[in-house]
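need a structure here:
(one chain, ligands or ions: 2)
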Amino acid sequence: SRKYTAFPQVPLTERRWPSRTITAPPRWLSTDLRDGNQAIVDPMDAVKKNRFFDLLVEIGVKEIEVGFPSAGATEFDFIQSLVHSGRIPDDVTVQVLTQSREDLIRTSFASLDGARAAIVHLYNAVSPAWRDIVFRMSRDEVRDIAVAGAKIMRDEAGSRPATDWHFQYSPETFSTAELDFSIEVCEAVMEVLAPTPERPIILNLPATVEAATANIYADQIEYFCRNLPNRESAVISLHTHNDRGTGVAAAELGLMAGADRVEGCLFGNGERTGNCCLVTVALNLYTQGVDPGLDFSDIDRVIETVEYCNQIPVHQRHPYGGELVFTAFSGSHQDAIKKGFEAHERQNDERWRVPYLPIDPADLGRNYEAVIRVNSQSGKGGFAWVLEQDQGLKLPKKMQADFSRQVQRMADEMGRELNAADIWDVFRRTYHVQV
Ligand code: KIV
Ligand code: ZN
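Residues are numbered from 1 along each chain as shown. Ligands and ions are numbered 1, 2, ... in the order given. Have a look, this model is predicted:
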């Protein structure tokens, strides 16, 4: 069988359990308009990009990667139009990505001409597969490419004093590269750009292709943070993809292992299986009592815009956002949820303790109608709940069992989900109610 040996492991003696409890949100960077956009069938036009940008601003994202300006005129022109559009608030910084080539770097700076502040994001591939197969380069040559790029960035920034420039460097495919080599390259880039704790460099450590369990990525982040000289002059940023389905977990463990910033896309758009989903990471924090600083209180509006811009539907089971993620059809779940809501109202409890619901749907702007939906698998509690919500009719306990049999029979006959009108209809016919 084929061997997949993709990732260097931190030596056992160096491993620690993730050492930090997260009590504050990380810095967030949305790469929806770059990593996300480069992965969709029909890339966004300027109208969609502007709409997405405005949405990100409304949510509260303060760092937004807006494109890859050296890729072509469309990207370049969009970034220039955005910069001059007046839609970038003072507390939002745009970021652009560039490969480490002189003409591309200069084009990237030019695309930001007129910006108040900007992050230029330089990257080159450092891991063995890319070195050996894609570029046929030695380690020294790869390091020199990064250093040469950093020098051009420094010079370009110096010659364009009207903008407040910040620098980001990514050793691409960090998670499959030798850790000490990644540190060596980052250190060399830092020597050129001379970051300080007051003006740090952003070092973004991508799991370009997710190749190991999330704890391995976290070990790598922790090792990097512990061994990077001048660590206090760097913001450590995470950029995880989702090839193994654990992009969110990797970002979360990476934060616990010492990182400061998370890059990702709303609802996990991005290359192949996507980038880490910023909505999920943020709301996971929220459910642990940490305010993520991002506003998802009207999640359906967010979904509507994201679906329109990406032309990709958000899956019905996507954490927090999916249409079905707060819905119970089965009788026992409905019964528990109903009791949970009743207790919640009675006790006026600060804590959210409704069984089967990890978060109060109302916090995301969802109403409770969708929570209990009924089909042939539902039980008496569910039918009674729908009748009560719809008609204000509270059925006595003894009547619920009989009524439930009638509704289940109808659900079996119809072979579909029942709505409130169907249930009221069964009630009227069974008990000969006249209206
Ligand atoms: O996944 C990746 O490595 C990237 C880099 C360009 C940061 O998107
Ligand atoms: Zn990426």
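
burial of Val92, as a residue count?
Here the number of neighbours of Val92 (other CB atoms under 10 Å) works out to 17. In short, each C-beta sits where N, CA and C put it, glycine included.

isn't it right up against Ile64?
Yes. Proximity of Val92 to Ile64 meets the contact threshold set by CB atoms under 8 Å, at 6.5 Å.

shared neighbours, these two?
Shared between the contact lists of Val92 and Ile64 (criterion: CB atoms under 8 Å, 6 or more residues apart in numbering) are residues Val57.

let me see the backbone angles for Pro43.
Main-chain torsions, Pro43, degrees, to the nearest 10: phi -50, psi 150.

distance of the residue nearest to it when sequence neighbours are not counted relative to ligand 1?
The spatial neighbour of Pro43 that comes closest, neighbours along the chain excluded (CB to CB, 6 or more residues apart in numbering), is Asn37 at 5.4 Å. Asn37 sits 12 Å away from ligand 1, going by CB to the nearest ligand atom, to the nearest Å.

Asn37 touches Met44, doesn't it?
Yes. Counting by CB under 8 Å, Asn37 sits close enough to Met44 to count as a contact (5.4 Å).

what about the residue in the stretch 251-400 of the chain that ligand 1 sits nearest to, how many residues close to it?
Shortest the stretch 251-400 of the chain-to-ligand 1 distance, computed as CB to the nearest ligand atom: residue-wise this is Glu271, at 6.6 Å. Residues within reach of Glu271, counting by other CB under 10 Å, total 16.

one more: Arg139?
Arg139 sits with 15 neighbouring residues when counted by other CB under 10 Å.

quick one: name the residues of the stretch 1-150 of the chain near ligand 1.
Contact residues of the stretch 1-150 of the chain with respect to ligand 1, defined by CB under 6 Å from any ligand atom, are listed as 35, 97, 123.

which element is the last one on?
Going back to what we said before, that points to Tyr123. Taking DSSP states H and E as the criterion, the element that holds Tyr123 is strand 117-125.

please apply the same query to the second one.
When elements are assigned from DSSP H and E, Leu97 belongs to strand 93-99.

Glu350 too?
Take DSSP H and E as the rule and Glu350 turns out to sit in neither a helix nor a strand.

secondary structure class for Ser237?
Counting by DSSP: H, G, I helix; E, B strand; the rest coil, the backbone at Ser237 sits in strand.

show me what it is bridged to.
Note on Ser237: beta-bridge partners Asn204, Arg261, judged by DSSP bridges.

quick one: it from ligand 1, how far?
When CB to the nearest ligand atom is the yardstick, Ser237 and ligand 1 sit 9 Å from each other.
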